[in-house]
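J.: Sequence and predicted structure are below.
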Amino acid sequence: MTAAATDIRLCTRCVLPSTFPGISFDAAGLCSMCQDAPPVPEFEKIRGELRSRLEAVFDANRGKAEYDVVVAFSGGKDSSYTLMTLTRKYGLKCLAVTIDNGFIAEQAQKNLRAVTSSLGIDFMLFTPAPVFMNNLYKTSATQQVHTKAALTRASSMCNSCINLINNHMVKLAIEKSVPIIAGGYIGGQVPKDSVIMQMDLDVQARFRSEAIKRYLKNFGPDAEGYFGMNEEMVKRSPLRKINIVNPMLAFGVSEDQIIEEISELGWRKTADTGSNSTNCLLNDLGIAVHYKQHQFNPYVNEIAEQVRTGLMSREEAIHKVQDIPDFSRVERQARAIGLDWNEV
């Protein structure tokens, strides 16, 4: 059962709703993001330029360490495609790393093994303490943990998990002196200028203490171990900068094409993770909480971007953004993290 938001105005080109922060519409119903976007054919030229920049980063850093790149690997379609492309097309030696949040679907767990086995690459699985993760999710669902800008790209629950994952990837890169970290994020999930970012470890250390205070306040003293960093290890590392890349922003492939290609690796679609995830059983709860609090699907920004760039039809996008799980559909997940719907 879904609760489709049929009374909310949607952009006539993409699917951004009138409830999306900062959005406005012209007389024809076109949202302000679509008004500023170039025509669809222009995006391939933009992607081509981004691919050239990515290739330059890969060429400059290949062979410098045991691994060329640490890949944040969820087992979902986008991170699987990213891992496959970096390994097969670009010939990079990848270390695939998965954070087991306790809610990885059974099929997604099989996909983790199938993809890494087919690609013949090293794979690491890190499982944070379930009691900590459940508290992180419950707190994220009931308290104001993240900025308004972050909440336009993902639910609060997902944002907290993503930040933990990102910090773990940085730790591993420093520990193993790996110069590149890759994520499987697509347009709308991360800022548009984040296809290549450079993290200056010396500069980052000055900002980390403030971020840790926020995590400690929200998630308790154990947050230090998950969101903190061994500063002595950072100082001793031969790395002073790490390249953070999001290659999917440059690939320009549709969901159907992605699934077709990674299926050759033994990847199979999950049947129990909702319309907007291919790995996480908790995702629908995050959507339901976000919609109750903000009146828009947290995936709408990335879905609208896919429509705007010609990678998804508007009809398919409408189905995805209007699939808002009601509480009966996510009650089991809520109970698993100790969340009472009345607390949201």
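T.: Right, received. Where do you want to start? As the structure is a computational prediction, the values presented were derived from the model and not from experiment. Numbering: from 1, shown residues only.
J.: hey, let's count contacts and neighbours off CA atoms from now on
T.: Noted.
J.: ok, for Gly228, nearest residue in space, not its chain neighbours?
T.: Distances taken as C-alpha to C-alpha, 6 or more residues apart in numbering place Ile212 nearest to Gly228, at 6.4 Å, with adjacent residues excluded.
J.: For the helix or strand containing that neighbour, buried residues please.
T.: Using DSSP states H and E, Ile212 sits in helix 201-219. For helix 201-219, the neighbour count (16 or more other C-alpha atoms under 10 Å) marks Leu201, Ile212, Lys213, Tyr215, Asn218, Phe219 as buried.
J.: same thing with stretch 157-164?
T.: By neighbour count on 16+ other C-alpha under 10 Å, the buried set for stretch 157-164 is Met157, Cys158, Asn159, Ser160, Cys161, Leu164.
J.: Then the second one would be within a strand, right?
T.: No: looking at Cys158 with DSSP: H, G, I helix; E, B strand; the rest coil, it is helix, so not inside a strand.
J.: pretty sure it contacts Gly286?
T.: Yes: using C-alpha atoms under 8 Å, Cys158 is in contact with Gly286, at 7.0 Å.
J.: hang on, the earlier thing: present the buried residues of helix 201-219 as JSON lines; the columns should include pLDDT and distance to Val170.
T.: Shown next, in JSON lines, are the buried residues of helix 201-219 (pLDDT from 0 to 100; distance: C-alpha to C-alpha, whole Å):
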{"residue": "Leu201", "pLDDT": "90", "distance to Val170": "10"}
{"residue": "Ile212", "pLDDT": "89", "distance to Val170": "15"}
{"residue": "Lys213", "pLDDT": "90", "distance to Val170": "19"}
{"residue": "Tyr215", "pLDDT": "94", "distance to Val170": "17"}
{"residue": "Asn218", "pLDDT": "95", "distance to Val170": "22"}
{"residue": "Phe219", "pLDDT": "97", "distance to Val170": "20"}
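J.: Format these as CSV; extra columns: distance to Leu83.
T.: Shown next, in CSV, are the buried residues of helix 201-219 (distance: C-alpha to C-alpha, whole Å):
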residue, distance to Leu83
Leu201, 25
Ile212, 30
Lys213, 34
Tyr215, 30
Asn218, 33
Phe219, 31
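J.: Next, give phi and psi for the residue nearest to Asp340 when sequence neighbours are not counted.
T.: With C-alpha to C-alpha, 6+ apart as the criterion, Asp340 has its nearest non-adjacent residue at 6.9 Å, and that residue is Ala334. Backbone torsions of Ala334, given as degrees, to the nearest 10, read phi -60, psi -40.
J.: Return the mean pLDDT over stretch 303-320, rounded to an integer.
T.: Taken as a whole, stretch 303-320 has a mean pLDDT of 93.
J.: ditto for stretch 172-191
T.: Averaged over stretch 172-191, pLDDT sits at 82.
J.: CA atoms of that stretch as PDB?
T.: Provided in PDB are the C-alpha atoms of stretch 172-191 (Å, rounded to 0.1, in the frame of the first residue of the first chain):
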ATOM      1  CA  LEU A 172      41.100   2.900   5.300                       C
ATOM      2  CA  ALA A 173      42.600   5.100   2.600                       C
ATOM      3  CA  ILE A 174      44.900   6.600   5.100                       C
ATOM      4  CA  GLU A 175      45.800   3.300   6.700                       C
ATOM      5  CA  LYS A 176      46.700   1.800   3.300                       C
ATOM      6  CA  SER A 177      48.000   5.000   1.700                       C
ATOM      7  CA  VAL A 178      45.400   4.600  -1.100                       C
ATOM      8  CA  PRO A 179      45.200   7.900  -3.100                       C
ATOM      9  CA  ILE A 180      41.600   7.600  -4.400                       C
ATOM     10  CA  ILE A 181      38.200   6.900  -2.700                       C
ATOM     11  CA  ALA A 182      35.200   6.200  -5.100                       C
ATOM     12  CA  GLY A 183      31.500   6.300  -4.300                       C
ATOM     13  CA  GLY A 184      28.600   5.000  -6.300                       C
ATOM     14  CA  TYR A 185      26.600   8.200  -5.900                       C
ATOM     15  CA  ILE A 186      24.600   9.600  -8.900                       C
ATOM     16  CA  GLY A 187      23.400  13.100  -9.800                       C
ATOM     17  CA  GLY A 188      21.200  14.600  -7.100                       C
ATOM     18  CA  GLN A 189      22.700  12.500  -4.300                       C
ATOM     19  CA  VAL A 190      25.800  14.700  -4.100                       C
ATOM     20  CA  PRO A 191      26.500  18.200  -5.300                       C
END
